[in-house]
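S.K.: Got a predicted model here, sequence first, then my questions.
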Amino acid sequence: TTQRQKRALFLAHRKELIDQCSRRLDEHGVPHGVVMADHPRRMPWLPVQVCSIDTLRARDDAPPADLILVDEAHRARAKGYAVLLARYPAATVLGFTATPRRLDNKGLGESFDAMVLVAQVQELVTAGYLVAPRLFAPYRPELDALSIRKGDYAPGELERAVNKSSIVGGLVESWHAKARGLVTVVFAAGVDHSQTIVEAFRAAGVTSEHVDG
């Protein structure tokens, strides 16, 4: 793009993603500025700009663009993204996401013309980008009667279904059999479920703590 004297914008919604993109552009020797509040790398004359979606949307003097790259592109259906992209009717828009299915089931066809599948999970494992998982399923809770909301189990119902002594006890037994002594993170279905798991591990002599948001 820069060799063809075109201008490009990279859009992201979090500082971490913006900094990550900026570092990668530096690694490849691509001069660029950053459009984000109070960022020291404000260089609006450069042809490539890495932009905070919120900062760019609030500006009346948005930089020109021939190419727009949207990180976490499943967010492109949000109103803020749609309003911003409408400012660039002639630009080519490319989106990147690992999660193209939205929880509200809205498709991305209004924002993008086609989807290109870059790599399957197994390809990324083989290439060394992902760790191959080892899966163990010592029990299966009864979930058939639970309600589904936004493509997933209803949180309260799910917690009640799995917060049972038989299931929690099986979790502790499985940990002793497969992961004894390993530092472990257990993702629970709710606060009460998490606290029940902590109590079960402590009763088995394993140091445990509960963390929630």
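M.R.: Sure thing, it's come through.
S.K.: Quick one: residues in contact with the one helix or strand A200 maps to.
M.R.: Per DSSP states H and E, A200 falls inside helix 191-203. For helix 191-203, the surrounding residues in contact (CB atoms under 8 Å, 6 or more residues apart in numbering) are 159, 162-163, 168-169, 171-172, 175, 186, 188, 207-212. The C-beta positions use only the backbone N, C-alpha and C, and glycine is treated the same way.
S.K.: one more time with 10 Å
M.R.: Residues outside helix 191-203 that contact it (CB atoms under 10 Å, 6 or more residues apart in numbering): 158-165, 167-173, 175-176, 184, 186-190, 206-213.
S.K.: buried set for it?
M.R.: For helix 191-203, burial by neighbour count (16 or more other CB atoms under 10 Å) applies to 193-194, 196-198, 200-201.
S.K.: re earlier: of the contacts of helix 191-203, grab the buried ones for ChimeraX.
M.R.: Per 16+ other CB under 10 Å, the buried members of these correspond to this ChimeraX selection:
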select :158,159,161,162,163,167,168,171,172,175,188,189,190,208
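S.K.: So which of the contacts of helix 191-203 belong to helices?
M.R.: 158-162, 165, 167-173, 175-176 (DSSP state H).
S.K.: Among those residues, which pair sits farthest apart?
M.R.: By the measure CB to CB, R160 and H176 form the most distant pair in the ones in helices among the contacts of helix 191-203, at 25.8 Å.
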